[in-house]
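Below are the sequence and a predicted model; questions follow.
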Amino acid sequence: MIVYNAPGLESSADEIRDRGEVSRLLINHGHEGMFGPPAIDAPDFVNERDRAELGAAIPVAGTFSRRERIGADIEVIPIAGHTPGSTAYLWDNGVHRFLFTGDSVWLDHGELTIVASRTTVNCATDTITIASHGLLV
């Protein structure tokens, strides 16, 4: 599973495919349509409130409109953001939980880039929160 459609995705597509099949690409917000269709053959999912903004740029396989789970380890969380359908994804890897918000994570020339205004590690809940718009970490 990939969170976010970004220009670096195309340059990393072969390396990503070498790691195995991608089950889906989760769109954080409608501005990701400006990058065109992803170079990875995977179904794309977006909040229904941002589907129109994607237009024909990204073929959408499915939408969501409320908080829900994808499998056992990903939770879809619609949030207030700079588009009507901004969405966070909470990933629980069994040890820690990671919250990805729009404009917070992408691939840039094969490297994972995280933009955060605040990074919090809460030992009591094993939650790491990465909030959007701010410093490169």
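Cool, the structure landed. Residues are numbered from 1 along each chain as shown.

alpha carbons only for contacts and neighbour counts from here, please
Noted.

pLDDT weak spots in this structure?
81, 103-108, 112-137 (pLDDT under 70).

what about the helices in it?
In the chain, the helices defined using DSSP state H lie at 7-11, 13-18, 51-54.

Save those as a markdown table, and put in distance to Arg24 and mean neighbour count too.
Putting those into a markdown table (distance: least, CA to CA, whole Å; neighbours: other CA atoms under 10 Å) gives the following:
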| stretch | distance to Arg24 | mean neighbour count |
| --- | --- | --- |
| helix 7-11 | 13 | 19 |
| helix 13-18 | 13 | 12 |
| helix 51-54 | 16 | 18 |
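
Pull stretch 93-102 out as CSV, backbone CA atoms only.
Provided in CSV are the C-alpha atoms of stretch 93-102 (Å, rounded to 0.1, in the frame of the first residue of the first chain):
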residue,chain,number,x,y,z
ASN,A,93,2.4,-1.9,12.7
GLY,A,94,1.8,-3.8,15.9
VAL,A,95,4.5,-1.9,17.8
HIS,A,96,3.8,1.7,17.0
ARG,A,97,1.1,3.7,15.3
PHE,A,98,1.9,6.3,12.6
LEU,A,99,-0.5,9.0,11.5
PHE,A,100,0.0,10.3,8.0
THR,A,101,-1.7,13.6,7.1
GLY,A,102,-2.0,15.3,3.7
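
buried set for it?
For stretch 93-102, a neighbour-count test (16 or more other CA atoms under 10 Å) marks Arg97, Phe98, Leu99, Phe100, Thr101, Gly102 as buried.

can you tell which of the helices of the chain is closest to Met1?
helix 13-18 (10.2 Å; CA to CA).

got a list of contacts for that closest one?
Residues from elsewhere that reach helix 13-18, judged by CA atoms under 8 Å, 6 or more residues apart in numbering: Ala39, Ile40.

Number the chain from 26, please
Renumbered: residue one is now 26, and that last one reads helix 38-43.

could you dump the helices of the chain to a markdown table with distance to Pro103?
Below are those laid out as a markdown table (distance: least, CA to CA, whole Å):
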| stretch | distance to Pro103 |
| --- | --- |
| helix 32-36 | 24 |
| helix 38-43 | 27 |
| helix 76-79 | 14 |
